[in-house]
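Enquirer: After the sequence you'll find the predicted model.
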Amino acid sequence: MANKLYGVIPPLLTLFKENGEVDLEATGELAEILSKHVHALFVCGTYGSGPLMNEEERKCVLETVAKKVEGKIPLIAHVGTTNTPEAVRLAKHAEQVGAIAVAAVPPYYFHHPEERVIKHFSEIVESVSIPVYVYNNPKTVGYSVTPALMAKLETIGIKGVKDSSFDILTLEEYRLACSDNFDVVLGTEAMFLPAYVLGIQAFVPGLANAFPELVRSLFDACINDDLKKAKSLHDTIYKLRKIAYKAGASNVGVLALLQMRGFRKVYPRLPFVPVADDKYNSMKKEVEELFEGNIPQIV
């Protein structure tokens, strides 16, 4: 269907300096590298540390990325917060900066009933003219958006969902509960191969921050119906994903993989901490084995 998201859309890592400040230069540099390999960028989401930044920092990150990619690829901005007024301000800013869509997790910390979730998203939808997506991430939000609620949200103007439930059945239930025009986007690289078979044609893979060309190859193999190649690429990507998760947090693990590929030394924001040297060396050895002793540089 027209106007749906398409392809590999990494949740861009927001990079930090050792003192905890946002490293806008490094974040922009990563965005520029990724723009050569992927279809779009998802900015200030979970990997992008959106909930770890204040409103002005999030705006600065999006502005920096927009200037750096210079319209080469579209941007989708995550504007989810604990409260509606801030989410609305972030959504308006994203539209002004040139984002093609915004996405938002439901308001978190408090577990809100359906009527408050609907009101929250109604305010965001009414504040902008670009598409608004729900970002379903029950692990971080604390509650899930059910397929029945998603169908109600479509009636108030929500155009799609980025689903990070890691449940193929939830993904399918969203497709069945909503109209054919509703855009269902997968929120992980781990399930794209089976999701593609179900008709999903866009995904938000965290691993693509470190291995964008590999994840792009998986997408291309699926689109070209070369499922044998896609299965082989899926296996390699899944092994890299397992290595990243040994860091204890996927964003920290992917940041370590990025540095293994020659990117400059950068940091996560506290309370996240970099991978300890012994763990980093152990992870690096496993990655080297996957690439027969030579981890390719990221360019």
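Expert: Yes, it's here. Numbering: from 1, shown residues only.
Enquirer: any idea how far the nearest residue to residue 179 once chain neighbours are set aside is from residue 113?
Expert: Nearest-residue entry for residue 179: residue 154, 6.5 Å, with adjacent residues in sequence omitted and distances by C-beta to C-beta, 6 or more residues apart in numbering. For every residue, glycine as well, the C-beta is placed using N, CA and C. Applying C-beta to C-beta, to the nearest Å, the value for residue 154 to residue 113 is 19 Å.
Enquirer: who's more crowded, those two?
Expert: The neighbour count for residue 154 versus residue 113, taken as other C-beta atoms under 10 Å, is higher for residue 154 (19 against 8).
Enquirer: In contact with that one: list those residues for me.
Expert: Shown in contact with residue 154 (C-beta atoms under 8 Å, 6 or more residues apart in numbering): 178-179, 182.
Enquirer: Make JSON lines from those and add pLDDT to it.
Expert: As requested, these are exported to JSON lines (pLDDT from 0 to 100):
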{"residue": "178", "pLDDT": "98"}
{"residue": "179", "pLDDT": "97"}
{"residue": "182", "pLDDT": "98"}
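Enquirer: hmm, which of the residues you listed are the buried ones?
Expert: Neighbour counting by 16 or more other C-beta atoms under 10 Å classes 178, 182 among the contacts of residue 154 as buried.
Enquirer: Closest to residue 210 out of the contacts of residue 154?
Expert: When the contacts of residue 154 are ranked by distance to residue 210 (C-beta to C-beta), residue 182 comes first, at 31.0 Å.
Enquirer: Surely residue 33 touches residue 262?
Expert: No - using C-beta atoms under 8 Å as the test, residue 33 is too far from residue 262 to be in contact (10.6 Å).
Enquirer: anything in contact with each of those two?
Expert: Common neighbours of residue 33 and residue 262 (C-beta under 8 Å, 6+ apart) are residue 298.
Enquirer: Between the two, tell me which one has more neighbours.
Expert: Between residue 33 and residue 262, counting by other C-beta under 10 Å, residue 33 is the more crowded of the two (18 against 11).
Enquirer: so which strand or helix has that one?
Expert: For residue 33, the host element (DSSP states H and E) is helix 24-34.
Enquirer: outside of that helix, which residues touch it?
Expert: 10, 12-15, 41, 60-61, 64-65, 67-69, 208-209, 212, 258, 263-264, 266, 298-299.
Enquirer: how about a cut-off of 6 Å?
Expert: 10, 12, 14-15, 64-65, 68-69, 212, 266 (C-beta atoms under 6 Å, 6 or more residues apart in numbering).
Enquirer: Please flag which of those residues sit within helices.
Expert: Taking DSSP state H as the definition of helices, those contribute 64-65, 68-69, 212.
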